[in-house]
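Participant: I'd like to go over a predicted model; first the sequence, then the structure.
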Amino acid sequence: MTTTLTAAAIQMVSGDDCSANLEAAARLVAEAAARGAGFAALPEYFYLMPEDETARLSLAERFGGGPIQTSLAGLAREHGIWLLAGSVPLASPEVGKFYNSSLLFDPQGHCKARYDKIHLFGFDNGEERYLEADTMSAGDTVASVDTPWGVTRLSICYDLRFPELYRQDPAPTLITAPAAFTYTTGKAHWELLLRARAVENLAFVVAPGQGGVHPGGKRTFGHSLIVDPWGEVLASCEDGEGIALATLDFSRQAEWRTRLPALDHRRLGPA
């Protein structure tokens, strides 16, 4: 089992040109790999942040094929790293909707895990309104995958507000939380939620985000973070494009879990 891993949370300010976004993702993944990352994570919607939310529908791909997935598999293989596609649009049987799905590729370019976002974001404060259920189908399956460093639990953005997702067995060694948090909700809760999920699960959390102003004036919070199981922020990237890079020490994590075996002390199981 891998005892240490250099992880990169890649922050982007994606626009409404898919090709340009994929080129930016490729450049940032290459930079992360050059800086020693063995695992790199892209944010939610890295491929497109349009003014019109329905614009993503035309890009939906069947699972296992399509230009976005092909590009990601090639990047993982080219750089010999584990690569998390924060979210890609996958075809849904529901007319006019797609799955917002996080995919994990191994260093050979094989997709090892798929997670369809379960909790769809809804927010309306009179000035900003978001309703992902208008264009997305909700997933219904928790996704865990065995990796060289242990169990990785996939999640996306709004999922952070539902801690039961992370309490399902097996306990995750690493939690991924790619996001496009709005500036309003992110300023209030982003770091708080990430550190809480890390502490209560004694898990590392890698959370790459969108961080800037997008077409239509939408503003995302950024502040991509890597958090350790004790709740300490190991690396961050505040605004704009960038990379948060940190080394995850899994032997240290094992010590924390031995000294504070909270996961073994649970009395209430999943609902």
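Facilitator: Received, thanks.

Participant: nearest spatial neighbour of residue 13, skipping sequence neighbours?
Facilitator: residue 212 (3.4 Å; CB to CB, 6 or more residues apart in numbering). For glycine as for every other residue, the C-beta is placed from the backbone atoms N, C-alpha and C.

Participant: so residue 64 makes contact with residue 114?
Facilitator: No - Residue 64 is beyond contact range of residue 114, at 9.3 Å (criterion: CB atoms under 8 Å).

Participant: the two: which has the busier surroundings?
Facilitator: Ranked by neighbour count (other CB atoms under 10 Å), residue 64 and residue 114 place residue 114 first, with 20 against 12.

Participant: what sits against residue 248?
Facilitator: 4-7, 149, 174, 204, 226, 228, 234 (CB atoms under 8 Å, 6 or more residues apart in numbering).

Participant: one more time with 7 Å, if that's ok
Facilitator: Residue 248 makes contacts with 4-5, 7, 204, as judged by CB atoms under 7 Å, 6 or more residues apart in numbering.

Participant: most neighbours, which of these?
Facilitator: That'd be residue 7 among those, by other CB under 10 Å, with 28 neighbours.

Participant: does that residue have beta-bridge partners, and which?
Facilitator: Note on residue 7: beta-bridge partners by DSSP bridges are residue 39, residue 246.

Participant: helices along the stretch 151-271 of the chain, start to end?
Facilitator: Assigned by DSSP state H, counting those that start in this stretch, the stretch 151-271 of the chain shows helices spanning 183-201, 250-259.

Participant: same for the lengthiest strand in the chain, what does it pack against?
Facilitator: The residue-count maximum for a strand in the chain (DSSP state E) belongs to strand 82-91. The helices and strands touching strand 82-91, judged by 3 or more CB pairs under 7 Å, 6 or more residues apart in numbering; DSSP states H and E, are strand 39-41, helix 67-79, strand 98-105.

Participant: returning to that earlier point: okay, and which of the contacts of residue 248 map to strands?
Facilitator: Among the contacts of residue 248, the members falling in strands (DSSP E) are 4-5, 7, 204.
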